[in-house]
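**Student:** The sequence and its predicted three-dimensional model are supplied below.
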Amino acid sequence: MTHSVNRRQALIGSASLFVAATLPNWASAATRDPRLIVIILRGALDGLGAVAPVGDPDYLRQRGGLALQTSGDKAALPLDALFALNPALPTFKKLYDARQALFVQAVATPYRERSHFDGQDVLESGQPIPGLVRDGWLNRFIAALPARGVRASGEGLGVGATAPLILRGAAPALGWAPQNIAPASDDLASRLLDLYGQRDPVLQKALAEGLHVEVLARDSGMGGDQRPRGGLDSVAGMRQAAQGAARLMRAPDGPRIATLSFEGWDTHVNEGPVGGRLAQLLTGLDGAFDELQGGLGDIWGATIIVAVTEFGRTVRINGTAGADHGVGTLALLAGGAVKGGRGVYDWPGLADSKLYQTRDLTPTTDLRAVLKGVLAEHFEAPAGILATNVFPDSAAVKPLAGLVA
């Protein structure tokens, strides 16, 4: 794992490298030291291809060549009487069996159109419609948390080449990305800090924070010439990103809230839920779960991982062996702090008359309810803050209870 911070991010400031923030002291959350990792699956995950309703009488007819099989060498992994898991997710299945993972099926944000740009805007901004703000709900959550003391490295972490919208805003946070640039010598870093201190104190602070992340990475064992492997939409790249996040979060002075973004989930053509593109993507996601569980060590028990996507895909297969943009989809939760071993859903069914606009899985759970439930129970966040600061105009969306062990 490379330990270098993306220095270009440090030089262009807060839009691409963030600085420190402080975390809460809400009741027992302070003693439990809760951790949160949000994984964004960009491109619209086919939730029916990841967690399949094999017990639904209309499933095989509707899904055709995208249907998972319940027997054979690559059979789906049973979860309950209705659902089975894609065989590319064995780590998630182990966590599920250990009651450390759950799935939420037929979930969606308030967005009901099919634009990736707008869908991701709503997913990350936490607003009911796109285009309202340019900051993210996770950043606003960090900003709302009461301080529990000064921490040199901050509490928020964005893994990737650029800052995702979900983590942009008034509350600064750290940024880290595997990349090919060789680390600067201590002498060069000192000279740059001195230069910026004389000309641009704000840029000096950003550079100092970036260099601090580099030290954290090196001290966490991410030294050596380990370059990015295949991009963050590859199996190796997803593992690498998760490994880096885990090591940084496990450090005594490391961040406590992180977000990772994985691209490539727009499976219009040759989706291949078993042996194809979707299977490859799910293998990478499963590897990320594996790296996070192993890498977080003794803080795994205080961790919740939430994997989310902007919207789903059509129920029926299209003419190119894929699925088009849909509405209802899937959220996955894992971690030692998850009350798992179950599915959370109000299943609408796949009969023609039950589909949204006669083509999509009808959403029955608001994704904001899931996220609010995690924040409310894991961090003991007040409902008022969640309904106004974090997810504005969402008082009618109640936090989903019982997600946290």
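**Tutor:** All right, it came through fine. Numbering: from 1, shown residues only.
**Student:** Let me know whether I40 touches E263 as I believe.
**Tutor:** No - I40 is beyond contact range of E263, at 9.3 Å (criterion: C-beta atoms under 8 Å). All C-beta atoms are positioned from the backbone trio N, CA, C, and that covers glycine.
**Student:** So for these two, which residue has more residues nearby?
**Tutor:** Neighbours of I40 and E263, each counted by other C-beta atoms under 10 Å, are more numerous for I40; the result is 23 against 16.
**Student:** low-confidence ranges in the stretch 151-300 of the chain?
**Tutor:** By pLDDT under 70, the low-scoring segments of the stretch 151-300 of the chain are 151-154, 179-230.
**Student:** what number of residues lie near R134?
**Tutor:** When neighbours are counted by other C-beta under 10 Å, R134 comes out with 11.
**Student:** number of nearby residues for the nearest residue to it once chain neighbours are set aside?
**Tutor:** Distance criterion C-beta to C-beta, 6 or more residues apart in numbering; nearest residue to R134, sequence neighbours excluded, is R168 at 6.7 Å. When neighbours are counted by other C-beta under 10 Å, R168 registers 23.
**Student:** G64 now?
**Tutor:** 11.
**Student:** That one belongs to a helix?
**Tutor:** Yes - the assignment for G64 by DSSP: H, G, I helix; E, B strand; the rest coil puts it in a helix.
**Student:** which SSE is the closest residue to it other than its chain neighbours in?
**Tutor:** Nearest residue to G64, sequence neighbours excluded (C-beta to C-beta, 6+ apart): I317, at 4.5 Å. Assessed by DSSP states H and E, I317 sits outside every helix and strand.
**Student:** List the contacts of A81.
**Tutor:** Listed by C-beta atoms under 8 Å, 6 or more residues apart in numbering, the contact set of A81 reads G55.
**Student:** In terms of pLDDT, where does it sit?
**Tutor:** In this model, A81 is scored at 97, pLDDT.
**Student:** do you know how far it is from G287?
**Tutor:** Distance, A81 to G287, using C-beta to C-beta, to the nearest Å: 29 Å.
**Student:** Assign the closest residue to R342 other than its chain neighbours to helix, strand or coil.
**Tutor:** Using C-beta to C-beta, 6+ apart and skipping residues adjacent in sequence, the residue nearest R342 is L102, 5.4 Å away. When classified by three-state DSSP, L102 comes out as strand.
**Student:** I'd assumed G343 was in contact with L102.
**Tutor:** Yes - at 6.6 Å, L102 counts as touching G343 under the criterion of C-beta under 8 Å.
**Student:** Of the two, which one has the most company?
**Tutor:** L102 (22 against 18).
**Student:** got a list of what that one touches?
**Tutor:** 96, 332-333, 338-344, 403.
**Student:** is it in a bridge, and if so with what?
**Tutor:** Under DSSP bridges, the beta-bridge partners of L102 are L333, R342.
**Student:** separation between it and G373?
**Tutor:** Taken as C-beta to C-beta, the span from L102 to G373 is 11 Å.
**Student:** Same check on A76?
**Tutor:** From A76 to G373 the distance is 27 Å (C-beta to C-beta).
**Student:** burial of G295, as a residue count?
**Tutor:** Neighbours of G295 using other C-beta under 10 Å come to 21.
**Student:** Please confirm that it is located within a helix.
**Tutor:** Yes - assessed with three-state DSSP, G295 lies in a helix.
**Student:** hey, what's L157 bridged with?
**Tutor:** So, taking DSSP bridges as the rule, L157 has L174, A258 as bridge partners.
**Student:** what's the neighbour count on it?
**Tutor:** Other residues close to L157 by other C-beta under 10 Å number 27.
**Student:** That one contacts P172, correct?
**Tutor:** No - L157 lies out of contact with P172 (C-beta under 8 Å); the separation is 11.4 Å.
**Student:** List the residues that contact L400.
**Tutor:** Here L400 is in contact with 104, 344, 365, 369-370, 372-373 (criterion: C-beta under 8 Å, 6+ apart).
**Student:** Where does it fall, secondary structure wise?
**Tutor:** Going by DSSP H and E, L400 is not in any helix or strand.
**Student:** excluding its backbone neighbours, what's nearest it?
**Tutor:** G373 (3.6 Å).
**Student:** before we move on, what SS does that neighbour have?
**Tutor:** Strictly by three-state DSSP, G373 counts as helix.
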